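> Just need the structure, nothing else, for what follows:
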Amino acid sequence: MATFQDNCCGLTRLTILVVVGIVLQNGVVSAAYYGKRIGTLSTYAHRVTGEVYAASDKRLYLTGFTYDGRGPDAFVWMGNTPTGAASSQGQIISADGSSDILGSYSNAVVQVDLPDSTTLADYKWISIWCRRFAANFGELVFPTDPAPVPKSLGTLGFPSPVHGVRADDVIILNNRQIKLVNLDYDGNGPDAYYWAGSGGTPTSSGFALADESRGGSLTKLPRGTALTDVTVTLTVPANRGDIGSIGYVGLWCVAFSQNFGHVVIPSLSELGVPVYDDSPPVTNAPVVTQAPPQANENCQVLIDDTYQVRWSLTDTSAIQISLSARINPGTYMAFGLSGSDTRTLMIGSDVTVAWLDAETGAMPKAVDYHLSAYQQCVTSSGSGACTDELSQPSGSNDVTVGDYSNNNGIITISYTKPLDTGDTNTDKVIPINDDVYVAWSIGPINPSGLAAKHRQQPTSDVPINFGQTGVTCPAFTTGQTEKLEPWVIPTIRGDMTGKTEFRVDIGQAGGQQGYEGITGKPGWGIAWYVDDYIIPVLTLRRGVTYTFIVQGGNEANIQARYHPFYITNDAEGGYIQKTAQETQGVEIYAGPVNGSLCEWRSTGAYNADDFDTFVKYRDAELERVCDDPFKTATLTWTPDENTPNRVYYQCYTHKFLGWKIDIIDNDADTSTMKSGDSGKGDTSTMKSGGTNMPKTTAAGWVTQGNKLSIITTVIISMMIFWK
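Modelled structure (predicted):
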């Protein structure tokens, strides 16, 4: 608005823009849509002017409508006389819900609703008519077929379909809804969404459309569920405007930025389709420049100056929740009802996980989750931290994402959820009159689009009364979220030192500087430790036999304590979770083997992000606890000429726990090679063992910062036995 020079005129133009524009979340202004344009009112008297639009066969809009109000008995008047011109043989038609004599209007929008027993086809003209003097102040004679109808855009899909995507027709039903007729899709896309956006070609900057066949869900299409001759209705989310703000519709894979098929959408003025749900896009009420606060809006601080939750109850059936946190895109905020009625408990909790896309910083998502076990989601069994749709027994995603913002380092995402979804498998009823314990967390979204292990969670019980009023939160201080540099982990040089044996345990993922920072991929809060170091790169020679002494856990019925170790060409691991299609091209060179569980556990005294090196973190915060240090599994492997230059050590049951093995030829000269993690600058070499004395706890066998030798193990075992 800074280009408007005249203050008076600037104010006038601003008012008009607010009336006829819808401001979207991404800052784009989309003109309000009133339907199919029928024509212009002729001007005969009393300064009558305006355009006439058909929103449906039951509703018209007069836009830019002006009338001086000086006629003594004037109404909106419609009829169907054979001459096609306005006459006294008409009837009064409601204007803005009233059949009273018209007052004055200046550049207004007037909603004209036809009587219940009639449609637009029953009329031939509209007039501003003075009944007392049978005077026509202005009129429009309708053209043939004035009512708006849905518009066909033709077939969807490429000549050679991607994932079998094809639809016989794409129909624009109205200004917010699209129908895909007889849609086919093989269901094998890893991260497929119904997708729309600006321009004529799909990109990752688009957004998901609501799938009415799944209750208005904005989530990805269920993997493994094929669609055959299915007709789907899609809705543009309210916070995205309408079809006037998009240029295409189709199916899109977010994870791989892959277009499965799309059609280009013409402008709404070309389409001339009905208005969505016949609802008025604007009224002649006074312009409100700032939305009024909603009823019963309240707030509670979850982490000082870091995480807050707000909620409002606008009726007795649903709750609107806004989560705000000092986080980056790609990091989730989880919030919901505790798994226990008497305390805050993550296991059994019913939470919503909300986040912004890491690449675009937009594309808000809010997804229903059920936490059945303290582990990453095992999609094959539906156990762990799974979406309701992946859980077993399964539920549905009953969350509708709303507005979002990303300002000054604070991300806010709003969503709505029914108080009682009726989904007894995965959801709890949200009470509004009593205290209820809640669960919350903050953590990364992994490359599969699922929540990884939290970085932050409650340290005490958190009760909330959703029916309380007048509770507020302090404003966040300004400042961006600090990004920590990953720890430098020295490479284990089996090629230079002659080292051929490695000990492999499970350990903590190390926050932002650990697994996530080193690999650039969110993990699940645990990772492989090799010779007491978190996911070091291994450099090995072809033709040399190597031995891995593994203790990853052997309780197959408890996924959180079962981590078989294997070597593969797959960078993400979790072979057991993969579909048959996903395993194509995956090679397993050795394993899996497991052994009993040895785990580097956190004492809870410190946060991993407080340490600038892994060794400081390990020695101060972690202790190695073993169920039985003697029950190990041995994996023996000899890389050969068929082994790729880079492979990975992974967990067979969970994704994103391992890291790289670089393979070199046996005769390669490595005298000038430096060790270090993928060029991160570390030139030290690994040595087995450490400097700290071993210790034990009642929980099991424990060492801290070093290897527990067989001799020391026997001595400690005898001491405990005789004690």
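
> Pretty sure residue 442 sits against residue 326.
No: at 9.3 Å, residue 442 does not count as touching residue 326 under the criterion of C-beta atoms under 8 Å. Any C-beta I mention is one placed from the backbone N, CA and C, and that applies to glycine too.

> For those two, list the residues in contact with both.
Counting by C-beta atoms under 8 Å, 6 or more residues apart in numbering, the contacts common to residue 442 and residue 326 are residue 307.

> mind listing the helices for the protein?
Applying DSSP state H to the chain gives helices spanning 7-20, 268-271, 515-519, 614-621, 710-722.

> which ones are touching the residue lying farthest from the centre of the chain?
Most distant residue from the mean C-alpha position of the chain: residue 133, 62.3 Å away (C-alpha atoms, centre = their mean). Residue 133 makes contact with 72-73, according to C-beta under 8 Å, 6+ apart.

> I'd like to know how far it sits from residue 332.
From residue 133 over to residue 332 the distance is 68 Å, taken as C-beta to C-beta, to the nearest Å.

> For the residue farthest from the centre of the chain, give me the pLDDT.
Per-residue pLDDT puts residue 133 at 87.

> Can you tell me how far it is from residue 46?
12 Å.

> repeat for residue 442
63 Å.

> between the two, who's got more neighbours?
residue 442 (22 against 19; other C-beta atoms under 10 Å).

> Name all residues that make contact with the nearest residue to residue 372 once chain neighbours are set aside.
Of all residues not flanking residue 372 in the chain, residue 383 sits nearest, at 5.3 Å (C-beta to C-beta, 6 or more residues apart in numbering). When contacts are counted by C-beta under 8 Å, 6+ apart, residue 383 touches 372-373, 375, 377, 391-392, 559.

> Could you report the neighbour count for the residue nearest to residue 429 when sequence neighbours are not counted?
Nearest non-adjacent residue to residue 429, counting by C-beta to C-beta, 6+ apart: residue 420, 4.7 Å away. By other C-beta under 10 Å, 15 other residues sit near residue 420.

> Please report the distance of the closest residue to residue 650 other than its chain neighbours from residue 443.
Using C-beta to C-beta, 6+ apart and skipping the chain neighbours, the partner closest in space to residue 650 is residue 573 (2.9 Å). Relative to residue 443, residue 573 is positioned 19 Å away (criterion: C-beta to C-beta).

> So in terms of bridging, what pairs with residue 353?
For residue 353, the beta-bridge partners are residue 334, residue 367 (DSSP bridges).

> and it, how many neighbours?
23.

> cool, residue 339 as well?
20.

> and what of residue 395?
For residue 395, the count of nearby residues is 23 (other C-beta under 10 Å).

> What of the one 3 residues further on?
Counted by other C-beta under 10 Å, the residues lying close to residue 398 total 22.

> Look up how far residue 441 lies from it.
20 Å.

> ditto for residue 240
28 Å.

> cool, residue 103 as well?
Distance of residue 103 to residue 441, computed by C-beta to C-beta: 57 Å.

> Which one of the two is surrounded by more residues?
Remark: of residue 103 and residue 441, residue 441 carries more neighbours, 24 against 11, as counted by other C-beta under 10 Å.

> does the more buried one have beta-bridge partners, and which?
residue 334.

> And for residue 322?
In this entry, residue 322 is beta-bridged to residue 310, residue 414, by DSSP bridges.

> for it, what are its contacts?
For residue 322, counting by C-beta under 8 Å, 6+ apart, the contacting residues are 309-311, 412-414.

> how does it look with 7 Å?
Contacts for residue 322 (C-beta atoms under 7 Å, 6 or more residues apart in numbering) come out as 310, 412, 414.

> And for residue 456?
With C-beta under 7 Å, 6+ apart, residue 456 has these contacts: 303, 441-442.

> Distance check, it against residue 125.
With distances taken as C-beta to C-beta, residue 456 is found 67 Å from residue 125.

> count of neighbours near residue 228?
By other C-beta under 10 Å, the residues close to residue 228 number 11.

> Could you report the distance from it to residue 249?
From residue 228 across to residue 249, the span is 20 Å (C-beta to C-beta).

> Now do the strands in the stretch 1-150 of the chain.
Secondary structure of the stretch 1-150 of the chain, counting by DSSP state E, counting those that start in this stretch: strands at 21-23, 29-31, 36-40, 49-54, 59-67, 74-79, 90-92, 94-95, 105-113, 125-130, 135-141.

> Mean neighbour count, these: which tops it?
Of all the strands of the stretch 1-150 of the chain, strand 125-130 has the most neighbours on average by mean count of other C-beta atoms under 10 Å, namely a mean of 26.

> elements contacting it?
For strand 125-130, the packing partners by 3 or more C-beta pairs under 7 Å, 6 or more residues apart in numbering; DSSP states H and E come out as strand 74-79, strand 135-141.

> Pull the residues that contact it.
Taking C-beta under 7 Å, 6+ apart as the rule, strand 125-130 contacts 48, 52, 67, 71-79, 84-86, 90, 136-142.

> again, but for stretch 424-441
Here stretch 424-441 has contacts from 302, 313, 319, 334-341, 343-346, 349-351, 368, 370, 388, 391, 393-395, 398, 419-421, 454, 456-458, 461-467, using C-beta under 7 Å, 6+ apart.

> For the residue nearest to residue 650, give me its contacts.
So residue 573 contacts 648, 650-651, 655-658 (C-beta under 7 Å, 6+ apart).

> And residue 646, by the same measure?
Counted by C-beta under 7 Å, 6+ apart, residue 646 has contacts 660, 662.

> if I look at it, how far off is residue 404?
Counting by C-beta to C-beta, the separation of residue 646 from residue 404 is 38 Å.

> picking up where we left off before, with the contacts of residue 456 in mind, which one is nearest to residue 245?
Nearest to residue 245 among these: residue 442, at 31.9 Å, using C-beta to C-beta.

> you'd agree that closest one is up against residue 453?
No: here residue 442 lies out of contact with residue 453, judged by C-beta atoms under 7 Å, at a distance of 10.9 Å.

> quick one: the strands in the stretch 601-723 of the chain?
622-626, 633-637, 646-651, 659-664, 695-697, 700-703.

> Comparing these by mean pLDDT, which bottoms out?
strand 695-697 (a mean of 34).

> Low-confidence bits of the protein, can you list those?
For the chain, the stretches with pLDDT under 70 are 1-30, 278-297, 314-315, 478-482, 495, 667-723.

> Spatially central residue in it, please.
Short answer for the chain (C-alpha atoms, centre = their mean): residue 365, at 2.4 Å.

> For that residue, give me its contacts.
354-355, 401.

> one more time with 8 Å
Taking C-beta under 8 Å, 6+ apart as the test, what residue 365 contacts is 208, 218-219, 354-357, 401.

> any idea how far residue 355 is from it?
Separation of residue 365 from residue 355 (C-beta to C-beta): 6 Å.

> Which members of the contacts of stretch 424-441 are classed as buried?
The neighbour-count test (16 or more other C-beta atoms under 10 Å) applied to the contacts of stretch 424-441 identifies 302, 313, 319, 334-339, 344-346, 349-351, 368, 370, 388, 391, 394-395, 398, 421, 454, 456-458, 462, 464, 466 as buried.

> Take the residues you listed and keep only those in strands.
Using DSSP state E, 302, 319, 334-337, 350-351, 368, 370, 464 are the members of those that sit in strands.
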